[in-house]
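*Asks:* Take a look and give me a structure for this.
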Amino acid sequence: MTTTTLAVLVPLLPFLGAIAGLLLGRTAPGFVRPLAVLPTLASVVLAATVAARQGGDRALDAATELTPTGSVPIELALHIDGFAALTAVLVGVVASCVQIYSTGYLRDDPRYPSYAALVSLFTSAMLLVVYSGDLMVLLVGWEVMGICSYFLVGHYWETPEARAASLKAFLVTKLGDVPFLIGLFALAADAGSFRITRVLGAVANGGIEHPTLIALLLLAGVAGKSAQFPLHTWLPDAMAGPTPVSALIHAATMVAAGVYFVARLLPLFEASQAAMIVLAVMAAVTMAGSALAALAQDDIKRVLAYSTIGQLGYMTGALAVADRGAAVFHLLSHGAFKALLFLAAGVIIHAAGTNSLAAMSRMSRLRDRVPDAYWTMTVALLALAAIPPFSGFFSKEAVLGVAEHVVTGHTEHTPAAAGWIVLLAGLVTALLTAAYATRLWLLAFRGHGADAPDHGRQPLTMTAVLWVLAVPSIALGGLAFRTLPDWFDGHDLTPTLTTSVLGTGVALIGGIVTYAAWRHTTAAAARVPLGAVAAHPEGDAGQVEAEAIATHKPAYGDVAYAPDPADPGRLLLGPLHRHAAVGFHLDAVYSALFVRPVRAGASLVAFLDREVVETYVRGAGALPRWLGAAVRRAQTGNVQTYVSALLAGTVVLAVAVVLVATGA
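*Replies:* Sure thing, here's the model as predicted:
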């Protein structure tokens, strides 16, 4: 079987699995789980085979015209280079882990068939984005992911939080997709094609007339899809969905699509220094702001959500200094340890008996109760904090290293300002990342919250997946930086001494200072329960999560606490804490700038429609109604009255005729 055929089957198999799962979900429920897992596993095998055959050599290109358009053609095209081949393997691995994990996590969920089918469709759409060689076909996968995220985030649609989060995710990403679509059309008009290879050829030959405008329009869509400032606010709220969905969105689909898109078309962005500066500023604000917000969150999934936003900022920062190798390297390593973090959080949520938005202040002595989650999450947090030799160290240092090269003048075509912005923001974020990672570990595993009932051992399908993802979280970075340059245009990914020392040093400082703050606050205060703990009936993690969200209570009972004085984040952030906890009020700003004016305009339109337009309509109907009433009063049914009126009318007419004749 040819490599092209195998590549076509990679996104096709999950798509067919999704269709079959939807059709057989009610009539043959026993086939739902195999149809969710097996096509995705087969897709992983095929993606790995395609990657092995591609081998980092010349890109594989194949195309057939979809339909004659009369102008810019649209083609079913493949463009598989080293970046695409490895990214597809990551997507397949994470999606397979999520599907296997979900068979245990949502084993009693009545909507599991539709959930599993949507996850498969989500996976297929991302694989289409990865392999596509035509921008319009890529756009199809791009938009299918958007609608899948809407349904999956709103899986627990009975709860107002899930409904609001799904709607917000859809609208905010669509806000970015409008200029993104305009940018795609403008790009194709200049290049004369939607084919990625021809677009890049036009960029190289100077055939793009407005590179800055097009790049900025495309960046709006990237900011929405990859949750970058200022369109990142949807991602923390999306934690109202099932935890496996969060793992899929954050690690391998949706938010990774924007970064991957810029990596695909990086020469276009390099053609505009203004666009590169904007990308660098966007990355820097995203990195630092999200890290501060993560340090102030009490919910474990919101911490991880802001963490994802910050790590995506590292990727866009690498792209801002024109190195897609470092960006995709961090995309790969981040995909492994972030999927592990979310899936381990799902185990913790079940063990702690808290809800989907799991407050760390309620957790107690989880280390002994969930040893699998404890050890694997420790590995993932070390990778997140970029502590050597874990994978996050090598990929994050690759980003800082290329920024240093720009600063020191080793790169000619990238603005030095972009290098300084990314380097300084990256070091500050490394400090804050280690701080919130340490805080999460301390509060989740060494906290002093109420004791939740023991829900028993987690299903093997959940715990086994954690150990599978722990392997690349440990080993991927050390192996990859030696072998990946051949796949990534030959770019050297070896950590540099200066940034390695600086990055690791600030990370250690952040961790140590946070631990010291935790010791200080723990010694100064103790948690006091205000209510008794009631046991929650046994149930699977998804059911516990859904019930807890619906009741707005911890799933193990109605327990109230005073504000947690043992939170080191409060001590470290000081007066900044309350602002960081609400995302620096960006939602309030959007409400003031957009939501309230739109509602005020809608109220004005409703008033004008009711009081002006309807007044004319009512007036137009009132006159005939009055005339009808007058005529109705004249119809008495009395014959004498009618004869009298007739005689009177005759006399009047006769007099009128005489007067007219006399006057004539």
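*Asks:* Hmm, G104 is touching L466, no?
*Replies:* No - with the criterion set as CB atoms under 8 Å, G104 and L466 do not qualify as a contacting pair; they are 11.7 Å apart. Any C-beta I mention is one placed from the backbone N, CA and C, and that applies to glycine too.
*Asks:* Settle it for me: which of the two has more neighbours?
*Replies:* Between G104 and L466, counted using other CB atoms under 10 Å, L466 has the larger neighbour count: 26 against 22.
*Asks:* Which helix or strand lies directly C-terminal to the helix or strand of the chain with the lowest mean pLDDT?
*Replies:* Across the helices and strands of the chain, the lowest-confidence element by mean pLDDT, DSSP states H and E is helix 541-551, at a mean of 48. Per DSSP states H and E, helix 541-551 leads on to helix 568-573 as the next helix or strand towards the C-terminus.
*Asks:* List of residues touching whichever helix or strand comes after that following helix?
*Replies:* Next in sequence after helix 568-573, counting helices and strands by DSSP H and E, comes helix 577-581. Helix 577-581 has contacts (CB atoms under 8 Å, 6 or more residues apart in numbering) with L292, A293, L295, A296, Q297, D298, G569, R570, L573, H585.
*Asks:* nearest spatial neighbour of G92, skipping sequence neighbours?
*Replies:* V44 (3.6 Å; CB to CB, 6 or more residues apart in numbering).
*Asks:* and that neighbour, what is it in contact with?
*Replies:* V89, G92, V93, A95, S96.
*Asks:* Can you dump the C-alpha atoms of the strand or helix carrying E397 in CSV for me?
*Replies:* Using DSSP H and E, E397 sits within helix 391-407. Output in CSV follows, covering the C-alpha atoms of helix 391-407 (Å, rounded to 0.1, in the frame of the first residue of the first chain):
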residue,chain,number,x,y,z
SER,A,391,11.0,16.4,28.3
GLY,A,392,9.8,19.9,29.0
PHE,A,393,13.3,21.1,29.8
PHE,A,394,14.6,20.3,26.4
SER,A,395,11.7,21.7,24.4
LYS,A,396,11.5,24.9,26.5
GLU,A,397,15.2,25.4,26.3
ALA,A,398,15.0,25.1,22.5
VAL,A,399,12.6,28.1,22.6
LEU,A,400,14.8,30.2,24.9
GLY,A,401,17.9,29.1,22.9
VAL,A,402,16.5,30.4,19.6
ALA,A,403,15.4,33.6,21.2
GLU,A,404,19.0,34.1,22.6
HIS,A,405,20.4,33.5,19.0
VAL,A,406,18.2,36.4,17.8
VAL,A,407,19.3,38.6,20.6
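*Asks:* Output the contacting helices and strands for it.
*Replies:* Under the contact criterion of 3 or more CB pairs under 8 Å, 6 or more residues apart in numbering; DSSP states H and E, the helices and strands touching helix 391-407 comprise helix 300-320, helix 324-352, helix 371-384, helix 416-445, helix 460-483, helix 497-524.
*Asks:* Mind checking which of the contacts of V44 are in helices?
*Replies:* By the criterion of DSSP state H, membership of these in helices covers V89, G92, V93, A95, S96.
*Asks:* show me what contacts the last one?
*Replies:* Under the criterion of CB under 8 Å, 6+ apart, the contact list for S96 reads V37, T40, L41, V44.
*Asks:* State the distance from the last one to M145.
*Replies:* By that I understand V44. Using CB to CB, to the nearest Å, V44 is found at 19 Å from M145.
*Asks:* quick revisit: counting neighbours, which of the contacts of S96 comes out on top?
*Replies:* Neighbours here mean other CB under 10 Å. Within those, the largest count is held by T40, at 29 neighbours.
*Asks:* measure that one to S333 for me?
*Replies:* When distance is defined by CB to CB, T40 is 21 Å away from S333.
*Asks:* With L167 instead?
*Replies:* 33 Å.
*Asks:* Look at the two and report which has more neighbours.
*Replies:* When neighbours are counted by other CB under 10 Å, S333 comes out ahead of the other of L167 and S333, with 29 against 15.
*Asks:* can I assume that one is in contact with A475?
*Replies:* No - between S333 and A475 there is no contact under CB under 8 Å: 10.3 Å.
*Asks:* Need the overlap of contacts for those two.
*Replies:* When contacts are counted by CB under 8 Å, 6+ apart, S333 and A475 are jointly contacted by S391.
*Asks:* name the element the residue nearest to G92 belongs to?
*Replies:* Counting by DSSP H and E, the element that carries V44 is helix 32-54.
*Asks:* Can you list the buried residues in that helix?
*Replies:* For helix 32-54, the buried set under the neighbour-count rule, 16 or more other CB atoms under 10 Å, comprises 32-33, 35-37, 39-44, 46-51, 54.
*Asks:* List the contacts of S307.
*Replies:* Counting by CB under 8 Å, 6+ apart, the residues that S307 touches are S290, A291, A294, K338, L341, L384, T433, Y436, A437.
*Asks:* make it 10 Å
*Replies:* With contact taken as CB atoms under 10 Å, 6 or more residues apart in numbering, S307 is in contact with 250, 290-291, 293-294, 297, 334, 338, 341, 381, 384, 433, 436-437, 440.
*Asks:* same thing with R457?
*Replies:* When contacts are counted by CB under 10 Å, 6+ apart, R457 touches A351, R369, V370, D372, T463.
*Asks:* now the fourth one, nearest residue through space, not along the chain?
*Replies:* Taking CB to CB, 6+ apart, and ignoring the residues beside it in sequence, D372 has T463 as its nearest neighbour in space, at 4.2 Å.
*Asks:* Same check on K174?
*Replies:* Closest residue to K174 apart from its sequence neighbours, by CB to CB, 6+ apart: G146 at 7.1 Å.
*Asks:* in the host helix or strand of that neighbour, what counts as buried?
*Replies:* Using DSSP H and E, G146 maps to helix 135-153. With burial defined by 16+ other CB under 10 Å, the residues of helix 135-153 counted as buried are 135-139, 141-142, 144-146, 148-153.
*Asks:* same deal with stretch 598-617?
*Replies:* Of the residues in stretch 598-617, none is buried by neighbour count under the rule 16+ other CB under 10 Å.
*Asks:* what distance separates that stretch from the middle of the whole chain?
*Replies:* Here stretch 598-617 shows a centroid-to-chain-centroid distance of 37 Å under the convention CA atoms, centre = their mean, to the nearest Å.
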